[in-house]
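1. Just need the structure, nothing else, for what follows:
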Amino acid sequence: METKPQTFTLDKSQIINILEKELIWDKDLKLLYDIVEELEYKGKNVLNDFIQYANKKLQYAVELLQQYDVDINKLSEQSWSNYIVGLFKNWADKVDDNTVIIYGKTMGFIWNPETEEWEVFEGSDEPDDLDLYLYSKLILQNNQNYITLYGMHNLEFVENWRTEGIPENVYFTSKKSIALHYWHANTNDVLVKVKIPVDAIIQTADFEFKTIRKIDASEIKLLEY
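-> Here you go, the predicted model:
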């Protein structure tokens with residue numbers, strides 16, 4: 001049986017409260033909000049236009065997230081606040097597309113309407129439970145595949161992977177050239193190329209990843225070092 005999309009709306013007072021909290025820290029937002037307030041003072045009912053626009057976009061985002069089995073009740077208040085602020089800036093700048101940006105605690109995820117895929121646009125070295133949940137649902141999507149990565153690590157450490165596996169919090173990159181930058185003279189570091197399960201890593205920055213769990217030796221495919 002098909003699940004009916006959940007309805008999600010915010011009223012005018014809730015949206016204004018979100019914007020007024022955030023404009024304390026966001027100068028660009030404050031500048032745009034001041035312009036809107038001036039138009040409101042002149043009798044132009046523009047805020048109501050934004051409320052309608054925001055709720056239309058919110059409902060689109062909710063339905064999109066639910067397609068990826070995301071429980072929207074797990075999203076934090078800050079997740080929605082960040083989304084509302086982004087919508088307001090786009091609306092004020094007359095930018096209207098189907099891009100959706102959803103934030104966890106320390107990570108950001110963007111829906112690319114051209115590729116119809118979710119992407120990480122803001123990685124994190126210290127993802128929390130919400131970040132890991134959204135990464136699993138939006139990026140991994142129960143993907144059991146392997147990814148080929150590079151790292152610059154101590155030779156003895158790499159040799160131990162054959163029997164002990166790779167521990168949590170080990171850093172890799174998808175670009176060989178980036179890995180080479182981490183080489184240090186007078187060390188026993190080696191450039192390693194390895195295939196590991198995609199569900200064992202999280203993206204920390206562009207082309208950079210770290211392990212988020214211990215990877216058993218049986219899951220590792222050492223290609224070269």
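
2. List the contacts of the spatially closest residue to Ala92 that is not a sequence neighbour.
-> Counting by C-beta to C-beta, 6 or more residues apart in numbering, Leu32 is the residue found nearest to Ala92 once chain neighbours are left out, at 4.3 Å. For glycine as for every other residue, the C-beta is placed from the backbone atoms N, C-alpha and C. By C-beta atoms under 8 Å, 6 or more residues apart in numbering, the contact set of Leu32 is 88-89, 92-93.

3. who's in contact with the longest helix along the chain?
-> Counting residues, the longest helix found in the chain (DSSP state H) is helix 46-67. Helix 46-67 is contacted by residues 3, 5-12, 15-16, 36, 39-40, 72, 80, 83-84, 87-88, 91, 98, 100, 102, 111, 138 when judged by C-beta under 8 Å, 6+ apart.

4. Determine how far the last residue of stretch 14-33 lies from the first.
-> Its first and final residues considered, stretch 14-33 spans 15 Å by C-alpha to C-alpha, to the nearest Å.

5. List the buried residues in that stretch.
-> Using 16 or more other C-beta atoms under 10 Å as the test for burial, stretch 14-33 gives 15, 18-19, 22-23, 29, 32-33.

6. With stretch 182-198 instead?
-> Quick answer for stretch 182-198 (16+ other C-beta under 10 Å): 189-194, 196-197.

7. Would you mind putting these into TSV with secondary structure alongside?
-> Shown next, in TSV, are these (DSSP: H, G, I helix; E, B strand; the rest coil):
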residue	secondary structure
Asp189	strand
Val190	strand
Leu191	strand
Val192	strand
Lys193	strand
Val194	strand
Ile196	strand
Pro197	strand
